[in-house]
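Novice: From the sequence below, what's the structure:
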Amino acid sequence: MAKATLKLGQETQSISLIPKPWTHQVAFWGLAGILILAPFLRGLFFNTDQQFFLILASILVWFAWLWKYAEREYDFLSHPLDYLIAALPVVYLFSAVNAANYGLALDEFIKNILYFSVYWLVVQLIKDERSLSQILNAIYLAAFGVAMAGLATATGLVSIKDGFLNGRIYSSFQYPNALSSYLATALFLGLFFWQRYGVLSIADTVTDRFLKQILPGWLQRIKPYGYLYILINFTLLVVLFGAKSRGGLLAAAVAFIVYLAILNWSKRLPVLINVLISGVIAYPVIYKFIALAQAKRMGLAWLWFFAGLVILAVLQYLYNFLLAKGMLMWLKSRLKTNWTLAGTGIVFIAAAAAGTAMHPGLVKKIISFSYLRNAFERFYFVRDALDMIKARPLLGWGGGGWEEAYRSFQHYLYNSKEVHSYYFQVAVETGIIGLLVVLGIWAAFFWLSHRVYHKSLPDGNRRVLVVTLFASALVVGGHALIDFDLSLSALTMVLWVLFACMRVLESMPGADMIPDQNQQEPSGQVVGQLKEAKVAAGKKKKRRKAKDSGKQPAVSARNLKPLNPVILSISSLICLIFLLLGMSLASANMYSSDAAKQTQNIQKALQDMQMAAVRNPLCAEYHSKLASLYFNQQEYEKALAEALRASGLSRYSSSCKHDLAVVSLYAGQPEQAVSYAKQGVEFAPYDIQGYESLAKICFLAGRTELSQGKKDQARSNLQETFKVSSLIANRMSNLSAEEKKLWRDGPMLSLTPGIQLYQGEAHLLLGNLPEAEKNLQNAAADGQIRGEAFLWLALLKDNQGKRLESEEFLKKAIKINQSYRQEYQQLKLLTAGAKITFGETQKPAKQNK
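Specialist: Prediction:
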């Protein structure tokens, strides 16, 4: 294979211009494609999108194996980091055996297979820094597209659901904190590209001899790359500020300090000046941009943005001019650089102190409860996560375990399907074993970074790339400690790519072909590229001659290895399994979506949901929907079977338990219904709807058994309705003042009108008329249940012999719902029987207050 080797300063680099085989090209550019596409599909947060990407990844991995087979390369894992990355989906697979929710566990396993596939593809396909740069550029350009999409959404040019809310840019990620991590990562990559390519002219990068001859000299002398990268970096920084993520900016700032600290001294000042100037311009630009966008002055908003671009372009021109004139030689003075950096730090500290002195209320605001509320809430998330880890320390609760079971452990009501810390979430889902694997991945990455850093030249581009990869990974991993950024697969794939790139750099020979930023004239580059083209043409000519003469060219030692069809067959089979798995799950989602559209054709909806359940039998949601469809058709036995399957797959879902309680009641199993309703309360002890459901199920169970003549069982279940009050009181007594202050995601636990309605009805059936009237009058004040309360008040007044009042309440009930007339006649018979059964000799239990 033809290669060109150049020596620039102290570095050498070897780059091949011979095209790779088509199988390699398909796998490589397919990988670049999914990295570009992923952030635009809601950050790849939802399992439907992840399943589609599993299909794509399976195909790309198969093409990569075809290429490896042709090259006689059969290695699969060969580095400690490889084994650790591969271990994570394995741990998720084992944790799924006893998962809290089997469907969610399958989804998490698929996500981690996807991450491993991306990592493995990068490690196998990237053999030189040119390919590595292309993959990183794919991430960089995708981030630029996401940033522009955010600005366009804010000004109404494009429509992205939840892309711009409350003055914050969410863009296609639909979550500003993850967006900030993604853009900060891309910004570090952009700084590397600016340093490496900023001083290059078009002539330095044109490799085609014919094109070089026809391009005019003035065009070849233009240096556009510095402008390109600084303007894209400015756009990323603008939207990073527009996301308004305090945690994201903090993580980016810490990572940038680390970046400067380990960067070679000769490169620190240009980078610092670049970021400071861009930041000083970007902040007021995005402030005005958002204010004008909210005021619907879109043209003026874009004018501010483009004005910022023009200013940065002028400053880049000035930088190029001063560099060409040799007026920035002082940047190469270590003493002057250190003094400048120290002075900059002093100015920042002085500015912060002055700002604090001038705004004494600022500190109070920063440390106030309202400002730090999210931090306090996440402390409770972590505390509840630790309780879950203690309950299942070894292999955890399975993928999605937090989402499934966190309500059973929470200390007050909050709604959060994520722990807001990737590492604690992994520990909840996979136990200590999974957490050790993740920590091992980071330890291996740090060790690897240290090795590659010290193997590279201090002032070379290779070391700048190492520092860039390290800082980029640090900003994502650091922010993931306090947020759920890595639940968005687009960002996690980027992190795994960064791991893989560092892994590739360790074994990649040579150095950079492109000169660094401080080099004014890249000497010898064109000559080297022409040499490479000449060598490539010569080798191609030799091959043609050999073919014409019937002789075969010499075979390399690597190609002397025998073909191994067994390995290809096994790898193809594994790829096929995951391909079919992804297709099956994706088709299940399609059937479920189609079923939701069949509002008028119940049979078609039922068929679609049955197909969805067949294609993905572990998804509890599909079985719950089937149970609902059967229930609406009054096929209660089938509904009960599906509800039981849903509850068995989603074992800590309060909603599944309450649905199962309702279906069991209609299927003639009132005792089981009460038991399931109680379990529903245990799984979500701060959800008031669970208590209302429990009160309703207890009353309906007692009413059903009373109509069947099972008076003892009826009395027991009716009295269970009154115990709901004590359950609520006991639960609220355990709350601290701070927990009550943090409670905001739903109503506080209290004796709601709905609970009082069922308690009043139970009192009436038990013959305790004064308590029944008090509860029913309270319930009648609620507009949503007023009709039913009036109906039972009519029954109560009839039992008291107050016929006129009874008729008046009945008229009010019928005015709300005509069906209450017939129900009144049925209930009269039931309450008449109740009076005989529960007279003075059988007093109901007193209501707990």
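
Novice: List the buried residues in the helix or strand hosting Pro284.
Specialist: Element membership of Pro284, judged by DSSP states H and E, is helix 265-294. Judged by neighbour count (16 or more other Cβ atoms under 10 Å), helix 265-294 contains these buried residues: 266-272, 274-275, 277-278, 281-282, 285-286, 288-290, 292-293. C-betas here are computed from N, CA, C, even on glycine.

Novice: what comes into contact with the helix or strand containing Val258?
Specialist: In the assignment (DSSP H and E), Val258 maps to helix 246-262. With Cβ atoms under 8 Å, 6 or more residues apart in numbering as the test, helix 246-262 has contacts from 176-177, 179-181, 184, 187-188, 240-241, 268, 271-272, 275, 341, 453, 467-468, 470-472, 474-475, 478-479, 482-483.

Novice: Kindly supply the PyMOL command isolating those of those that are buried.
Specialist: Selecting only the buried entries of the contacts of helix 246-262 in PyMOL, with 16+ other Cβ under 10 Å as the criterion:
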select buried, resi 176+177+179+180+181+184+187+188+240+241+268+271+272+275+453+467+468+470+471+472+474+475+478+479+482+483
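
Novice: Let me see the contact set for Ala38.
Specialist: Leu44, Phe53, Ala142, Ser489, Ala490, Met493.

Novice: Need the three-state assignment for it.
Specialist: helix (DSSP: H, G, I helix; E, B strand; the rest coil).

Novice: Could you measure from the spatially closest residue to Ser489 that is not a sequence neighbour over to Leu132?
Specialist: Nearest non-adjacent residue to Ser489, counting by Cβ to Cβ, 6 or more residues apart in numbering: Leu44, 3.7 Å away. Look at Leu44 and Leu132: by Cβ to Cβ, to the nearest Å, they are 23 Å apart.

Novice: Which residue of those two possesses the greater neighbour count?
Specialist: Neighbours were counted for Leu44 and for Leu132 using other Cβ atoms under 10 Å; Leu44 has more, 26 against 21.

Novice: phi, psi of that one?
Specialist: Here is the backbone geometry of Leu44 (degrees, to the nearest 10): phi 60, psi 40.

Novice: Relative to Lys604, how far out is it?
Specialist: 31 Å.

Novice: Please apply the same query to Leu269.
Specialist: Leu269 is 68 Å from Lys604, by Cβ to Cβ.

Novice: again, but for Leu457
Specialist: In terms of Cβ to Cβ, Leu457 sits 68 Å off from Lys604.

Novice: Kindly report the same for Phe40.
Specialist: Phe40 is 33 Å from Lys604, by Cβ to Cβ.

Novice: and the two? which has more neighbours close in?
Specialist: Taking neighbours as other Cβ under 10 Å, Phe40 and Lys604 compare with Phe40 leading, 17 against 13.

Novice: ok, the more buried one touching Ala147?
Specialist: No. Phe40 is beyond contact range of Ala147, at 11.9 Å (criterion: Cβ atoms under 8 Å).

Novice: quick one on the thing from earlier: what about the contacts of helix 246-262, which are in helices?
Specialist: 176-177, 179-181, 184, 187-188, 240-241, 268, 271-272, 275, 341, 453, 467-468, 470-472, 474-475, 478-479 (DSSP state H).

Novice: what's the closest non-adjacent residue to the residue most central in space within the chain?
Specialist: By Cα atoms, centre = their mean, the chain has its centre lying nearest to Leu488, at 2.3 Å. Nearest residue to Leu488 in three dimensions, chain neighbours excluded: Gly43, at 3.7 Å (Cβ to Cβ, 6+ apart).

Novice: same check, this time on Gln679
Specialist: In space, Gln679 is closest to Lys657, 4.7 Å off (Cβ to Cβ, 6+ apart).

Novice: Then Thr340?
Specialist: Closest to Thr340 by Cβ to Cβ, 6+ apart is Leu269, at 5.8 Å.

Novice: for Ser675, same thing?
Specialist: Ser675 sits nearest to Ala661 (Cβ to Cβ, 6+ apart), 8.0 Å away.

Novice: which residues touch the one you found?
Specialist: Gln672, Ala673, Val674, Ser675, Tyr676, Ala677, Gly680, Ser693, Ile697.

Novice: Out of the residues you listed, list just those in helices.
Specialist: If you go by DSSP H, those have Gln672, Ala673, Val674, Ser675, Tyr676, Ala677, Gly680, Ser693, Ile697 in helices.

Novice: quick one, what contacts the last one?
Specialist: Residues near Ile697 by Cβ under 8 Å, 6+ apart: His658, Ala661, Val662, Leu665, Ala673, Val674, Tyr676, Ala677.

Novice: so Leu790 is in which element?
Specialist: One correction, residue 790 is Phe, not Leu. helix 786-799.

Novice: Which positions within the helix or strand that that helix is followed by qualify as buried?
Specialist: Per DSSP H and E, the first helix or strand lying C-terminal to helix 786-799 is helix 803-816. Residues of helix 803-816 classed as buried: Ser806, Phe809, Leu810, Lys812, Ala813, Ile814 (neighbour count, 16+ other Cβ under 10 Å).

Novice: correct me, but the fifth one touches Leu791?
Specialist: Going back to what we said before, that points to Ala813. Yes. With contacts counted by Cβ under 8 Å, Ala813 reaches Leu791, the gap being 4.2 Å.

Novice: What segments of this structure are strands?
Specialist: Under the criterion DSSP state E, strands of the chain are mapped to 3-8, 11-16, 164-165, 168-169.

Novice: Report the residue spans of the chain with pLDDT below the cut-off.
Specialist: 1-18, 359, 361-371, 510-560, 832-849 (pLDDT under 70).

Novice: if you set the cut-off to 50 instead, what comes out?
Specialist: The chain contains residues with pLDDT under 50 at 1-14, 511-535, 537, 545-557, 836-849.

Novice: these two touch, right, Thr752 and Gly690?
Specialist: No. If you go by Cβ under 8 Å, Thr752 and Gly690 don't touch, sitting 11.5 Å apart.

Novice: who touches both of those two?
Specialist: With Cβ under 8 Å, 6+ apart as the test, Thr752 and Gly690 reach no residue in common.

Novice: Comparing these two, which shows the higher neighbour count?
Specialist: Gly690 (26 against 20).

Novice: And the residue nearest to the more buried one when sequence neighbours are not counted, how close does it get to Gly477?
Specialist: Leaving aside its sequence neighbours, Gly690 sits nearest to Val681 (Cβ to Cβ, 6+ apart; 4.6 Å). Here Val681 is placed at a distance of 39 Å from Gly477 (Cβ to Cβ).

Novice: Check Asp387 too.
Specialist: 25 Å.

Novice: can you check Ser159 too?
Specialist: 33 Å.

Novice: Then Glu418?
Specialist: 16 Å.

Novice: who's more crowded, the two?
Specialist: The neighbour count for Glu418 versus Gly477, taken as other Cβ under 10 Å, is higher for Gly477 (23 against 16).

Novice: Report how many residues lie close to Leu303.
Specialist: Neighbours of Leu303 (other Cβ under 10 Å): 14.

Novice: Start the count at 51 instead of 1 going forward.
Specialist: Got it, first residue is 51 now, which makes that one Leu353.

Novice: ok so, going back, if we take the contacts of Ala88, which one ends up nearest to Leu154?
Specialist: Ser539 (14.6 Å; Cβ to Cβ).

Novice: mind listing what the closest one touches?
Specialist: Applying Cβ under 8 Å, 6+ apart, the residues near Ser539 are Ala88, Gly93, Leu94, Phe95, Asp99, Gln100, Phe103, Lys161, Leu164, Tyr165.

Novice: would you list the residues you listed in JSON lines and tack on distance to Thr387?
Specialist: JSON lines is the format used below for those (distance: Cβ to Cβ, whole Å):
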{"residue": "Ala88", "distance to Thr387": "39"}
{"residue": "Gly93", "distance to Thr387": "39"}
{"residue": "Leu94", "distance to Thr387": "42"}
{"residue": "Phe95", "distance to Thr387": "43"}
{"residue": "Asp99", "distance to Thr387": "46"}
{"residue": "Gln100", "distance to Thr387": "46"}
{"residue": "Phe103", "distance to Thr387": "45"}
{"residue": "Lys161", "distance to Thr387": "44"}
{"residue": "Leu164", "distance to Thr387": "44"}
{"residue": "Tyr165", "distance to Thr387": "40"}
